[in-house]
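Novice: Here is my input, please return the structure:
(2 chains)
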Amino acid sequence: MEREISITYTFNPADYDARGRKRNSGTTFRDAVKKFERDFHQVHPSDYALNLYANSHTMSLLARSCYAAPHLLYGMDLPHGRSFDPEQDPYINHEMDRHSRHIYVYGIDSAFMTEFAENGYPILDEDSDIYPLTLLVDDTMRDDAVRLAAPTLDDGNSVEDVNINLPIFEYA
Amino acid sequence: MMERTDEGKWHLIRNDNGEWISSDNAVFLSKMELCIMRAAAAKVGRELHVQHGPNGTFWCYHIEIEELERLSPKLEYKQRELRIHKSR
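Specialist: Numbering: from 1, shown residues only, chains lettered A, B, ... in the order given. Prediction:
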């Protein structure tokens, strides 16, 4: 069981066109999510958002705003989703990935990943606690909401008990 | 290749668009293999989306390579006879 601090951000999906761009300004939904990430860090200065929760529609909007290739599917299904039992194997996502015609995107660059090597690959500094943003599909959420969260050991009132078994990723 | 340990650790790899996927879906290619696959893709009118990996490596999506192998016709090698004329 992982304790998380989280903030839910709302937006209007109707503001965005089919390419995930805001109709009045041209900014992308990904830009909006980056603003949420920066706000999260302002509210919780010692934490960076690690997990992004959204429903399938919002994940699709995010994918389009990131110009994702058509064979990529954003987000990992949560163990407590409707498709499988939260008490069973949480690695079903990996098995689905192996047998799917799509490729699952488990995470995207964090808004704070700003240092890159010469070949364009990001420089990951473990001391900075900045990691890719893990994408988690929660279809109980509304179309106009995104929740950012970070694990914490804090026992303060703002902590939510979240019963999620997430695989531990190693970033190449 | 993907490594799954008892601790459930997976390997993720990043594409040029900042998206992190399972390394099971990546096929690493040498520069020579890259040239060959690009040529094969061009022959069948497909685009190969080459990605930059860590440490100066290159990789492509597994499904793209599979599709290319399915579409690429087998090359036929014909024996050629060369007649060499020596000039006097």
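
Novice: Quick check, pLDDT for B:Tyr61.
Specialist: B:Tyr61 is assigned a pLDDT of 93 by the prediction.

Novice: does chain B sit close to the longest helix that chain A contains?
Specialist: Determined from DSSP state H, the single longest helix within chain A is helix A:29-43. No - if you take CB under 8 Å from any CB of the partner chain as the test, helix A:29-43 misses chain B, and the best it gets is 9.3 Å. The way it works is simple: take the backbone N, C-alpha and C, and place the C-beta from them, glycine included.

Novice: average pLDDT across that helix?
Specialist: On average, the pLDDT along helix A:29-43 is 97.

Novice: same for that helix, what does it pack against?
Specialist: Other helices and strands packing on helix A:29-43, by 3 or more CB pairs under 8 Å, 6 or more residues apart in numbering or on different chains; DSSP states H and E, are strand A:2-10, helix A:56-65, strand A:145-151.

Novice: out of the ones you listed, nearest to A:Val137?
Specialist: helix A:56-65 (5.7 Å; CB to CB).

Novice: which residues in the chain form strands?
Specialist: Chain wasn't specified; assuming chain A. With DSSP state E, the ranges of strands along chain A come out as A:2-10, A:51-54, A:72-74, A:76-77, A:103-108, A:133-137, A:145-151, A:160-162, A:168-171.

Novice: hm, I was asking about chain B
Specialist: B:9-14, B:19-22, B:26-29, B:51-52, B:58-61.

Novice: so what strands line up beside the shortest one?
Specialist: Sheet neighbours of strand B:51-52, with direction, are listed as strand B:58-61 (antiparallel) (DSSP bridges).

Novice: mind listing what A:Val137 touches?
Specialist: Residues in contact with A:Val137 (CB atoms under 8 Å, 6 or more residues apart in numbering or on different chains) are A:53-56, A:59, A:75-78, A:81.

Novice: The residue lying closest to it once chain neighbours are set aside: neighbour count?
Specialist: Once flanking residues are discounted, A:Val137 sits nearest to A:Gly75: 3.9 Å by CB to CB, 6 or more residues apart in numbering or on different chains. Using other CB atoms under 10 Å in any protein chain shown, A:Gly75 has 26 neighbouring residues.

Novice: Provide a list of residues in contact with A:Gly75.
Specialist: Residues near A:Gly75 by CB under 8 Å, 6+ apart: A:54, A:56, A:59, A:104-105, A:135-137.

Novice: hmm, 7 Å instead?
Specialist: For A:Gly75, the contact set (CB atoms under 7 Å, 6 or more residues apart in numbering or on different chains) comprises A:59, A:135-137.

Novice: Going through the residues you listed, which ones are buried?
Specialist: The neighbour-count test (16 or more other CB atoms under 10 Å in any protein chain shown) marks A:59, A:135-137 as buried among the contacts of A:Gly75.

Novice: Throw those into TSV and include pLDDT and distance to B:Tyr61, thanks.
Specialist: Shown next, in TSV, are those (pLDDT from 0 to 100; distance: CB to CB, whole Å):
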residue	pLDDT	distance to B:Tyr61
A:Met59	97	19
A:Leu135	91	18
A:Leu136	89	23
A:Val137	90	21
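
Novice: I'd like to know which of these is nearest to chain B.
Specialist: A:Leu135 (8.9 Å; CB to the nearest CB).

Novice: Mind listing the residues bridging to the closest one?
Specialist: Applying DSSP bridges, one finds that A:Leu135 bridges with A:Leu52.

Novice: And B:Leu29, by the same measure?
Specialist: With DSSP bridges as the criterion, B:Leu29 is bridged to B:Phe58.

Novice: What count of nearby residues applies to it?
Specialist: For B:Leu29, the neighbour count with other CB under 10 Å is 20.

Novice: Just list the residues touching it, thanks.
Specialist: B:Leu29 neighbours (CB under 7 Å, 6+ apart): B:37, B:58-60.
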